[in-house]
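Participant: Compute the structure for the input listed below.
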Amino acid sequence: MEGKRVTYEEDVMQILGEVGAYQKGHFLLSSGLHSDAYIEKFRVLERPFYTERLCRRLADKFRDEGITCVIGPTTGGIIVAYEVARHLPEARAIFAEREGDGRELRRGFHITPGENVLVVEDVVTTGGSCAQVVDVVRRHGGRLVGVGVLVDRSGGSVSFEPRYEPLIRLSLKTYAPGECPLCEAGVPLLHPGSSPIQGS
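Facilitator: All right, here's what the predicted structure looks like:
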């Protein structure tokens, strides 16, 4: 009997489970919000086999768009941009680094005015980092084809024009620090990420 076809979403959830990326507890997110669940993206990104598999799926969503540049924010977005670009034969991979309250291109990276650019990210909660990279693309005259992410955990609050393609959407609860029931219950707060507290 023919096996059941695995969807994008099922494949992503299986990978998150296999590598221990989906974690439960009391977490301080880089957005400043608190949550009872956390996606530790580097449990995936440290595994080239799984990273390649997910990024190939993301590249497939944009394969016919004539993309010549894939750009992500530091840090996880560097790996995602490289792997997605590897599956788009005409594309190169670059990344945007923090500068003040935004991001900018360094290291000789450039975007040619009018070229087709794809913005990518690993995990999105508020969309802040992606929005900063979209701003970089537009300031440098690139044509934004869309934004692709591995995991959207925003609960539907994030979208980008002209096209937004997450591999999976997760509705994970988040709380403002002053309204967090986990804080009130005295559950220890963990800060698992390495980024300063701001939009992600």
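Participant: From now on I want contacts and neighbour counts done on CA atoms only, so please keep to that.
Facilitator: Fine.
Participant: for this structure, what spans make up the strands?
Facilitator: Counting by DSSP state E, the chain has strands at residues 22-28, 34-39, 69-73, 92-99, 102-104, 116-124, 143-152, 164-169, 174-175.
Participant: distance between the last one and the chain's centre?
Facilitator: Taking the mean C-alpha point of strand 174-175 and that of its whole chain, the gap between them comes to 19 Å (C-alpha atoms, centre = their mean, to the nearest Å).
Participant: Next: the fifth one.
Facilitator: Mean-position distance between strand 102-104 and its chain equals 16 Å (C-alpha atoms, centre = their mean).
Participant: That strand: partners in the sheet, and parallel or antiparallel?
Facilitator: The strands that strand 102-104 pairs with in its sheet are strand 92-99 (antiparallel) (by DSSP bridges).
Participant: Okay, buried residues for the strand it pairs with please.
Facilitator: Within strand 92-99, the residues that qualify as buried by neighbour count (16 or more other C-alpha atoms under 10 Å) are 92-98.
Participant: What of stretch 160-173?
Facilitator: Applying a neighbour-count criterion of 16+ other C-alpha under 10 Å, one finds 165-169 buried in stretch 160-173.
Participant: Quick one: mean pLDDT for it?
Facilitator: Averaged across stretch 160-173, the pLDDT comes to 92.
Participant: distance between the ends of that stretch?
Facilitator: As for stretch 160-173, its first-to-last residue distance stands at 21 Å under the measure C-alpha to C-alpha, to the nearest Å.
Participant: What are the contacting residues of it?
Facilitator: Counting by C-alpha atoms under 8 Å, 6 or more residues apart in numbering, the neighbours of stretch 160-173 from elsewhere in the structure are 8-9, 12, 35-37, 57-58, 61, 144-156.
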